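Colleague: I'd like to go over a predicted model; first the sequence, then the structure.
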Amino acid sequence: MKLRMVTAVCLICLTTKSVYALKPNQIMVIANKDSAESMNIAEYYCAKRNVPAQNIIALPLGKNLTDTITREDYEKKLAEPIRKKLLTFQFACEIRCLLTTYGVAFKVAGRGPLKDRQEKLKKLQKLAKSEENKIKMLENNSLINSTEQKKSLKRKLTILQSSIDAITGKQTSASVDSELSMVLFDSYELYRWKPNNLRYKSPHWDYKSLMVSRLDGPTPEIARKLIDKALAAEKSGLKGTVYIDSRGIPDDNIPYSSGCFDQSLRKLAVMIKTNTTMPVIEENTNSLFAPGKCPSTALYCGWYSLKKYVDAFEYVDGAVGYHIASWEAIDIRDPNSTQWCPAMLGDGITATLGAVAEPYLHAFPKPDEFFAELFTGRPLVEAFYRTKPFNSWQLMLLGDPLYTPFKKPNSNF
């Protein structure tokens, strides 16, 4: 009842005014009360960004830092106390962004099987087995031209398997940050992803959805420096070279296909060349930028080297970039990881994003859309949430949410 009352107030509040750029007092910082490093980062961020000290919520999450939290502990130790604080009259309608810190788990485990759906599960499994047998019969009968029939049966089987997976609890894990985006929702099904209601929202805001970013990395010092490097770049202006690594895949005009993302990278290169004075260097073959070949890297986007970071870049303060590949943020606190997110953070990048489990290609923000948002003068977290398709899924953003690399937006964007 309290949740409905306060969210009703928020709805009235936010539908009567436009939403402007994120402000420091609209950020709530989540820290691990049992970790001195986590608390130090939270307090340091508030001091540097003028976030009110009362906006820190310190939760007892344990002295032994873990990457993964169980679904039960996520609800009890994270979601419930955060929700409770968000719904106080001090913070209702005021908080638009959560900032998690080093010391807070970044993966939430799956929920397990639904106990009250076992009879339905048996029926679905029986139907799936029947469809499998039909497909095998068609494949074994060489006298029947059954291509369309097999496609139809396989579509049915895919739908049945999806229903089975939802009951058994497969694909119900997520990044903690992506799950926290929906902490104010009354209830939603935990299976795969949910639409990001903040995508392209302007000028009004979705009153329940929250933006979430994270200050984290292989060491507490690396996490802390994400703040300093963002501030340094804002003061002097982000300068350097843009490196874009496409693969020469033709655009097939299929949304979120490999060809679609490769075309997005090529469009990004054209956009920056046309609308800015930043130098752009492209690699448009199956090869990647070679080690040591990308000095003064300000922006980077490319693919596809799975869990094999290539040390090609010399990042300037304020550098923003991401590598489009699965599983690149599974071990962000491992200083020896070859995944792209921890390795990029260790090498000095200021902001990046990645997935804690298989996200599928269509979960990533399109490069031309994400970077265009930055060039219009939006802060990092807004650029991410205006262009990423899903919440309650696998991606997370690493960096200062207020970081605005291009304070004076280019009017051509």
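Modeller: Structure's in. What do you need?
Colleague: contacting residues around residue 78?
Modeller: Going by C-beta atoms under 8 Å, 6 or more residues apart in numbering, residue 78 touches 30, 59, 61, 69, 104-105, 176, 180. Yep, even glycine has a C-beta here, placed from its N, CA and C like the rest.
Colleague: From the residues you listed, which land in strands?
Modeller: Members of those lying in strands (criterion: DSSP state E): 30, 59, 69.
Colleague: Residue 68: neighbouring residues, count only.
Modeller: Neighbourhood size, residue 68 [other C-beta atoms under 10 Å]: 15.
Colleague: do residue 236 as well
Modeller: So residue 236, with other C-beta under 10 Å, has 11 neighbours.
Colleague: one step back: most neighbours among the ones in strands among the contacts of residue 78, which one?
Modeller: Most surrounded of the ones in strands among the contacts of residue 78: other C-beta under 10 Å gives residue 30, at 26 neighbours.
Colleague: Would you agree that residue is in contact with residue 85?
Modeller: No. The criterion here is C-beta atoms under 8 Å, and residue 30 misses it with residue 85 at 9.9 Å.
Colleague: Which neighbours do those two have in common?
Modeller: residue 57.
Colleague: Just the helices from the stretch 151-300 of the chain, written as ranges.
Modeller: Listed in chain order, the helices of the stretch 151-300 of the chain (DSSP state H, counting those that start in this stretch) span 176-180, 220-236, 258-275.
Colleague: Is it possible to get TSV of these that adds mean pLDDT?
Modeller: Output for these, formatted as TSV (pLDDT from 0 to 100):
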stretch	mean pLDDT
helix 176-180	98
helix 220-236	97
helix 258-275	97
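Colleague: okay if I get those helices as a markdown table plus distance to residue 53?
Modeller: Compiled in a markdown table, the helices of the stretch 151-300 of the chain are given as follows (distance: least, C-beta to C-beta, whole Å):
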| stretch | distance to residue 53 |
| --- | --- |
| helix 176-180 | 21 |
| helix 220-236 | 16 |
| helix 258-275 | 39 |
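Colleague: Against which helices or strands is the strand or helix carrying residue 39 packed?
Modeller: Element membership for residue 39, per DSSP states H and E: helix 36-49. Under the contact definition 3 or more C-beta pairs under 8 Å, 6 or more residues apart in numbering; DSSP states H and E, helix 36-49 sits against strand 27-32, strand 56-59, strand 97-101, helix 220-236.
Colleague: strand partners of the second one, parallel vs antiparallel please.
Modeller: According to DSSP bridges, strand 56-59 forms sheet pairs with strand 27-32 (parallel).
Colleague: Next secondary structure after the longest strand along the chain?
Modeller: In the chain, taking DSSP E as the definition, the longest strand is strand 313-323. Per DSSP H and E, the first helix or strand lying C-terminal to strand 313-323 is helix 340-347.
Colleague: now that following helix: how far from the chain's centre is it?
Modeller: Centroid displacement of helix 340-347 relative to its chain, using C-alpha atoms, centre = their mean, to the nearest Å, is 16 Å.
Colleague: separation between residue 66 and residue 253?
Modeller: Residue 66 sits 44 Å away from residue 253, going by C-beta to C-beta, to the nearest Å.
Colleague: Those two: which has the busier surroundings?
Modeller: Higher neighbour count among residue 66 and residue 253: residue 66, with 15 against 9, using other C-beta under 10 Å.
Colleague: Tell me, how many residues neighbour residue 177?
Modeller: 27.
Colleague: Do I have it right that it meets residue 104?
Modeller: No. Between residue 177 and residue 104 there is no contact under C-beta under 8 Å: 9.1 Å.
Colleague: ok, back up a step: pLDDT of the longest strand of the chain, averaged?
Modeller: Mean pLDDT, strand 313-323: 98.
Colleague: Show me what it packs onto, helices and strands only.
Modeller: For strand 313-323, the helices and strands in contact under the criterion 3+ C-beta pairs under 8 Å, 6+ apart are helix 220-236, strand 294-302, helix 340-347, strand 352-355.
Colleague: Using TSV, please lay out these together with distance to residue 394.
Modeller: Output for those, formatted as TSV (distance: least, C-beta to C-beta, whole Å):
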stretch	distance to residue 394
helix 220-236	21
strand 294-302	18
helix 340-347	12
strand 352-355	4
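Colleague: nearest to residue 168, of those?
Modeller: Closest of those to residue 168 is strand 352-355, at 22.0 Å (criterion: C-beta to C-beta).
Colleague: Partner strands of that closest one and their direction?
Modeller: Within its sheet, strand 352-355 is paired with strand 395-398 (antiparallel), according to DSSP bridges.
Colleague: contacts for the partner strand?
Modeller: With contact meaning C-beta under 8 Å, 6+ apart, strand 395-398 is reached by 106, 175-178, 212-217, 226, 329, 332, 341, 345, 351-356, 359, 363-364, 380-381, 384, 388.
Colleague: Domain-wise, how is the protein divided?
Modeller: Residue ranges for each domain of the chain read 2-110+173-211, 115-168, 235-391, as given by automatic domain parsing.
Colleague: one step back: between the longest strand of the chain and helix 220-236, how many degrees?
Modeller: Calculated by axes from the mean of the first three to the mean of the last three C-alpha atoms, to 10 degrees, strand 313-323 forms an angle of 100 degrees with helix 220-236.
Colleague: roughly how far is strand 313-323 from the heart of the chain?
Modeller: Centroid separation between strand 313-323 and its chain, computed with C-alpha atoms, centre = their mean, is 17 Å.
Colleague: Using PDB, list the CA coordinates for it.
Modeller: Output in PDB follows, covering the C-alpha atoms of strand 313-323 (Å, rounded to 0.1, in the frame of the first residue of the first chain):
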ATOM      1  CA  PHE A 313      45.100   1.500 -26.200                       C
ATOM      2  CA  GLU A 314      46.700   4.400 -24.300                       C
ATOM      3  CA  TYR A 315      43.600   5.900 -22.600                       C
ATOM      4  CA  VAL A 316      43.500   9.600 -21.900                       C
ATOM      5  CA  ASP A 317      41.800  10.900 -18.800                       C
ATOM      6  CA  GLY A 318      38.100  10.700 -19.500                       C
ATOM      7  CA  ALA A 319      38.300   8.000 -22.100                       C
ATOM      8  CA  VAL A 320      35.000   6.200 -22.800                       C
ATOM      9  CA  GLY A 321      34.700   2.900 -24.700                       C
ATOM     10  CA  TYR A 322      33.200  -0.600 -24.800                       C
ATOM     11  CA  HIS A 323      33.800  -3.900 -26.600                       C
END
